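Novice: Sequence first, predicted model second:
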Amino acid sequence: MKKLLQLSFIPCSADFALLVLRLWLGLTLFFNHGLGKLVHFSQTVSYFSNVHLDPIGVGATGTVAIAVLAEVVCAALLVVGVATRFAALFIAIELAVAFFMVHHAALAMGPGSGELAFTYLAGFMTIVLAGGGRFVMCKQTNDVAATPAAS
């Protein structure tokens, strides 16, 4: 029973945990948010225009383009493990804008809540701070957090 409660049958691996986090967040953001904006780009621009959604002053088209860049391109980079820290940072900035400027930092549940953006933001900031882990495609782009040199 003690073994079951301590979950000792599951190996501990920060690198594997970062891979799971990258895949989980990246694929969810890509399929649930980004792909729809990309496929229905002009309709999304029209919607953003109609509700006056322009949090950083670049217009509806610019706003949707930035969202697609973050939620499609950067999410895909994160999943495959290329430039993971940069991709996660770009996504985190987009989510911070969504949380603070669109949802007005509202964490209450219900319509207009920024709870989802806030939760995503926490996950992507974890990747920004920790790096992509060992299971990345391109380690030379500083995807793995620096380790102290051996003396």
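Specialist: That came in fine, so what should we check first?
Novice: Could I get the buried residue list for the helix or strand hosting Leu38?
Specialist: Leu38 is part of helix 35-39, with elements assigned from DSSP states H and E. Within helix 35-39, the residues scored as buried using 16 or more other Cβ atoms under 10 Å are Lys37, Leu38. Every C-beta, even on glycine, is put in place using the N, C-alpha and C of the backbone.
Novice: Check stretch 44-54 too.
Specialist: Result for stretch 44-54 [16+ other Cβ under 10 Å]: buried residues Thr44, Val45, Phe48, Leu53, Asp54.
Novice: likewise stretch 116-129?
Specialist: With the criterion 16+ other Cβ under 10 Å, stretch 116-129 contains buried residues Ala117, Phe118, Tyr120, Leu121, Gly123, Phe124, Met125, Thr126, Ile127, Val128.
Novice: likewise stretch 107-117?
Specialist: Those buried within stretch 107-117 under the rule 16+ other Cβ under 10 Å are Gly114, Ala117.
Novice: Kindly report the same for stretch 96-105.
Specialist: Here stretch 96-105 shows Val97, Ala98, Phe99, Phe100, Val102, His103 as buried, counting by 16+ other Cβ under 10 Å.
Novice: So which of the residues you listed are in helices?
Specialist: Among those, the ones falling in helices (DSSP state H) are Val97.
Novice: Dump the buried residues of stretch 96-105 to a markdown table, plus distance to Leu69 and pLDDT.
Specialist: Listed next are these as a markdown table, based on distance: Cβ to Cβ, whole Å; pLDDT from 0 to 100:
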| residue | distance to Leu69 | pLDDT |
| --- | --- | --- |
| Val97 | 13 | 96 |
| Ala98 | 14 | 94 |
| Phe99 | 18 | 95 |
| Phe100 | 19 | 95 |
| Val102 | 17 | 92 |
| His103 | 20 | 92 |
